[in-house]
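Q: what's the 3D shape of this:
(one chain, ligands or ions: 1)
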Amino acid sequence: MSRAAHPAGPRYADVLPGAGVSGPPADLNALVAKVWPTSAVRGEDGALRLGGVSVAALAAEHGTPAYLIDERDWRTRARAWLAAFGDFEAGEPPVHYAAKAFLSKAIARWAAEEGLGLDVCSGGELAIALAADFPAGRLTFHGNNKSVEELERALDAGVGRIVLDSFAEIDRLAELAASRGVRPRVMVRITVGVEAHTHEFIATAHEDQKFGFSLSGGSAADAVRQVLKHESLELVGIHSHIGSQIFDTAGFEVAAHRAVGLLAAIRDEYGIRLPELDLGGGLGIAYTSEDDPADAFDIVAGLKAIVGRECFGYGLQVPRLTVEPGRAISGTPGVTIYRVGTVKPLDGLRTYVSVDGGMSDNIRTALYDAAYTCVVASRVSDAPPMLARVVGKHCESGDIVVRDAWLPSDVVPGDLLAVAATGAYCRSMASNYNHALRPPVVAVLEGTSRTLVRRETEADLLALDLG
Ligand code: PLP
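A: Residues are numbered from 1 along each chain as shown. Purely as a prediction, here's the structure:
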């Protein structure tokens, strides 16, 4: 039957198992370097090793599922982002790690030790940062609906910057600051009308969305006017964030053009020069061998060139440029290990491989249709490849960890699977669905492992349930 005869029906290619999936890799045991942490290797016994520790040993010690983080890799990426900017004023780092990607007290300490700033967007993230003694002056506080208590806490802690996101918040913060006799540094978050080339639900700079003040609609200029009326607020700059998983600077080009245009308009109208421009996060990482993100040095060089050119065009002094990478620092150093529980071949379709976690520890596949890479981690295999779907143990058919995974056809219950690039937006978005116990976060470094966040227990669940 020709496709033209049934234009509304499914295309044959769409219903074929594995449709649109590229063929199996030449070697199923190989580790594609850009997807895995830098320390990832196969040991002599064939087991994956991270930070000099075998995942078999890690699974024995910490159980599965478990989130692993290669500490050296995390720190190296953080350093690379800072180094890409060159010199900067002490205490004013141009790179703020976005805590929403993943934050624990240890991560806040790593960020502090590496000299980064930290972007937090809730009372909880602020609490973790403060509990880790993160320098408050290097914190930026975000959010489209910060509560009065959160704003008070941020003011009392002396956070470096508060990013204003609504007219109500401008007046609310001004009042709170005045009553405390403080003058916080604030930025105005604008939406520049750029839709990053990514999934609709994680693109955040187009106009029809909850964040920021619209530039084209005029509310960004109104917000600046309103902030400037308040003696108790010190307006230091403009903030823009255009989306996630962005692989080049094209979207930033338009964003910078429009944001610098606003800085020029502010200079022309009020005779003031705002010293800062934050272009947000969203820099992409490789989840599969097909992803090809630019590295920190190329991205930062590109951003600086764009902002420099735009400022030259408007006759403006170049503002202090800052960025907020989350995933680009913590994504690749993270790996999740799972134990295979069942292997179910479906005749003529595909094989379902069930693991002991799922959408409660990684919601990104169900939420964004995210693609991941995984390998059998406890051994190598010469068996021919099979196209598998790695699924979790939750009561939901959309409970998929890796939609299309080439695995050796001899995969059996008891094998360990490792899923790459889960260091961002997995633990931080984890849930207790089906009363699952959220897995531990374990750091590996030079042959040792250390639990950063322990596994939840049934006692934790029951402690919250007051009966
Ligand atoms: N900054 C802001 C304001 C964000 O909303 C986000 C993500 O949503 C980030 C930074 C971090 O994004 P990514 O982890 O993609 O770099």
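
Q: Please, which helix or strand holds Leu461?
A: Using DSSP states H and E, the element containing Leu461 is helix 458-464.

Q: got the contact list for that helix?
A: 432, 435, 437 (Cβ atoms under 8 Å, 6 or more residues apart in numbering). Where C-beta positions appear, they are placed from N, C-alpha and C, glycine not excepted.

Q: quick one: pLDDT of the residue lying closest to Gly46 once chain neighbours are set aside?
A: Nearest residue to Gly46 in three dimensions, chain neighbours excluded: Val380, at 3.8 Å (Cβ to Cβ, 6 or more residues apart in numbering). Val380 carries a pLDDT value of 98.

Q: Show me which of the contacts of helix 458-464 are buried.
A: Leu437 (16 or more other Cβ atoms under 10 Å).

Q: when you check the ligand, which of the contacts of helix 458-464 turn up near it?
A: Among the contacts of helix 458-464, no residue lies close to the ligand (Cβ under 6 Å from any ligand atom).

Q: Point out where the stretch 1-150 of the chain drops to low pLDDT.
A: 1-20 (pLDDT under 70).

Q: The residue in the stretch 301-450 of the chain that the ligand sits nearest to: what's it in contact with?
A: Residue nearest to the ligand within the stretch 301-450 of the chain (Cβ to the nearest ligand atom): Gly326, separated by 2.6 Å. By Cβ under 8 Å, 6+ apart, Gly326 lies in contact with 97-102, 119, 281, 424-425.

Q: Can you verify my assumption that Asp278 contacts Arg320?
A: No - here Asp278 does not reach Arg320: they are 9.1 Å apart, not a contact under Cβ atoms under 8 Å.

Q: In contact with the residue of the stretch 51-200 of the chain found nearest the ligand, which residues are there?
A: Here the residue of the stretch 51-200 of the chain nearest the ligand is Ala98; by Cβ to the nearest ligand atom that distance is 3.4 Å. Counting by Cβ under 8 Å, 6+ apart, Ala98 touches 119, 281, 324-327.

Q: go again using 7 Å as the cut-off
A: 119, 281, 324-326 (Cβ atoms under 7 Å, 6 or more residues apart in numbering).

Q: Which one of the residues you listed sits in the busiest neighbourhood?
A: Greatest neighbour count in these, by other Cβ atoms under 10 Å, goes to Asp119: 32 neighbours.

Q: is it true that that one touches Phe141?
A: No - in this structure Asp119 lies outside contact range of Phe141 using Cβ atoms under 7 Å: 8.1 Å.

Q: Near the ligand, which residues of the stretch 301-450 of the chain? Just list them.
A: 324-328, 424.

Q: how about a cut-off of 8 Å?
A: When proximity is defined as Cβ under 8 Å from any ligand atom, the stretch 301-450 of the chain approaches the ligand at 324-328, 331, 424-425.

Q: Show me those residues that map onto helices.
A: Of these, the ones assigned to helices by DSSP state H are 327-328.

Q: If you count neighbours, what's buried in the biggest helix by length in the chain?
A: Longest helix in the chain, counting residues (DSSP H): helix 250-270. Of all the residues in helix 250-270, those buried under the rule 16+ other Cβ under 10 Å are 251-264, 266-267.

Q: now stretch 110-119
A: 110-112, 114-119.

Q: Intersect those with the contacts of the ligand.
A: Checking these against the ligand (Cβ under 8 Å from any ligand atom), the matches are Asp119.

Q: can you list the domains in the chain?
A: 12-70+332-464, 71-330 (automatic domain parsing).

Q: And the contacts of the longest strand belonging to the chain?
A: If you go by DSSP state E, the chain has its longest strand at strand 334-345. For strand 334-345, contacts defined as Cβ under 7 Å, 6+ apart pick out 37, 50, 55, 58-59, 64-69, 351-357, 361-362, 377, 393, 411-424, 426.

Q: What helix or strand is Ile69 located in?
A: Going by DSSP H and E, Ile69 is in strand 66-70.

Q: helices or strands up against that strand?
A: strand 334-345, strand 441-445 (3 or more Cβ pairs under 7 Å, 6 or more residues apart in numbering; DSSP states H and E).

Q: try it again with 8 Å
A: Here strand 66-70 touches helix 55-62, strand 334-345, strand 441-445, going by 3 or more Cβ pairs under 8 Å, 6 or more residues apart in numbering; DSSP states H and E.

Q: Most tightly packed of those?
A: Of the helices and strands packed on strand 66-70, the one with the most neighbours on average (mean count of other Cβ atoms under 10 Å) is strand 441-445, at a mean of 23.
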